[in-house]
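1. Here's a sequence, model it:
(chains A and B)
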Amino acid sequence: DGGITQSPKYLFRKEGQNVTLSCEQNLNHDAMYWYRQDPGQGLRLIYYSQIVNDFQKGDIAEGYSVSREKKESFPLTVTSAQKNPTAFYLCASSTGAGVQETQYFGPGTRLLVL
Amino acid sequence: SQQGEEDPQALSIQEGENATMNCSYKTSINNLQWYRQNSGRGLVHLILIRSNEREKHSGRLRVTLDTSKKSSSLLITASRAADTASYFCATERNTDKLIFGTGTRLQVFP
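-> Modelled structure (predicted):
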């Protein structure tokens, strides 16, 4: 099956700890995105990548880092600098840059702080 | 920054009724998309309407776009309990990113 997967489904972070959220897609998409969603809110863009080995900051990049070493993978690290990390994190992919077409979303990872 | 704003924030209806949600945006667009999100899940794309289109249908969904008013509406006809979800509009920014609105939470009672 083609799709986009995220793991884990739930993640717990201790104070001062870095944690990494996984996002993998087998849709052969060039572009990938990370969003943060707070309760009752819309999606805010953290980082995005249009091609391997390249990524750009979104609206709320502070306290987060990403890498794009492979086309199918776009992991997100929530660093200790992110003081309010509790949220629902969504990864998405699309065919590529240009006029924005459909984005395909993973099932999400819920991050909680202990 | 939010581009699309949905209205109403929440909507409750009975099965069989129609549900209408509206989206307003601020700057010119190439297309507008609607997505659905079930509670605690990822978003699912419903429909894309381009700036040169005024209306588009997909099953029980009908989307309209009025570029002069910078607004769009999503109509779900003959709603079902399974339509209960949050619905988001999204517009592109700088052709490489989407901006999502805050969503309309739809509750359909059996």
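2. contacts and neighbour counts: CA atoms only from here.
-> Fine.
3. How about the closest residue to chain B within chain A, nearest residue that isn't a chain neighbour?
-> Closest contact between chain A and chain B, by Cα to the nearest Cα, is at A:Gly42 (4.0 Å). Nearest non-adjacent residue to A:Gly42, counting by Cα to Cα, 6 or more residues apart in numbering or on different chains: B:Thr102, 4.0 Å away.
4. Tell me, how many residues neighbour the one you found?
-> The number of residues packed near B:Thr102 is 25, by other Cα atoms under 10 Å in any protein chain shown.
5. Please compute how far stretch B:89-104 lies from its chain's middle.
-> Put simply, stretch B:89-104 sits 11 Å off its chain's centre (Cα atoms, centre = their mean, to the nearest Å).
6. And the helices in chain B?
-> Using DSSP state H, no helices are found in chain B.
7. And the residue of chain A closest to chain B, how far from B:Leu65?
-> Separation of A:Gly42 from B:Leu65 (Cα to Cα, to the nearest Å) stands at 21 Å.
8. Could you pick out the residues of chain B near chain A for me?
-> B:1, B:30-31, B:33, B:40-45, B:48, B:88, B:92, B:95-103 (Cα under 8 Å from any Cα of the partner chain).
9. From these, keep the buried residues only.
-> B:31, B:33, B:41-45, B:48, B:88, B:92, B:96-103 (16 or more other Cα atoms under 10 Å in any protein chain shown).
10. Which residues are in contact with the residue minimising distance to the centre of chain A?
-> Residue closest to the mean C-alpha point of chain A, counted by Cα atoms, centre = their mean, is A:Trp34 at 2.8 Å. A:Trp34 makes contact with A:45-48, A:76, A:89-92 under the criterion Cα atoms under 8 Å, 6 or more residues apart in numbering or on different chains.
11. for it, phi and psi?
-> phi -120, psi 130 (degrees, to the nearest 10).
12. Check the offset of the worst-scoring helix or strand of chain B on mean pLDDT from the chain's centre.
-> Of all helical and strand segments in chain B, the minimum by mean pLDDT, DSSP states H and E falls on strand B:5-7, at a mean of 84. Relative to its parent chain, strand B:5-7 has a centroid offset of 9 Å by Cα atoms, centre = their mean.
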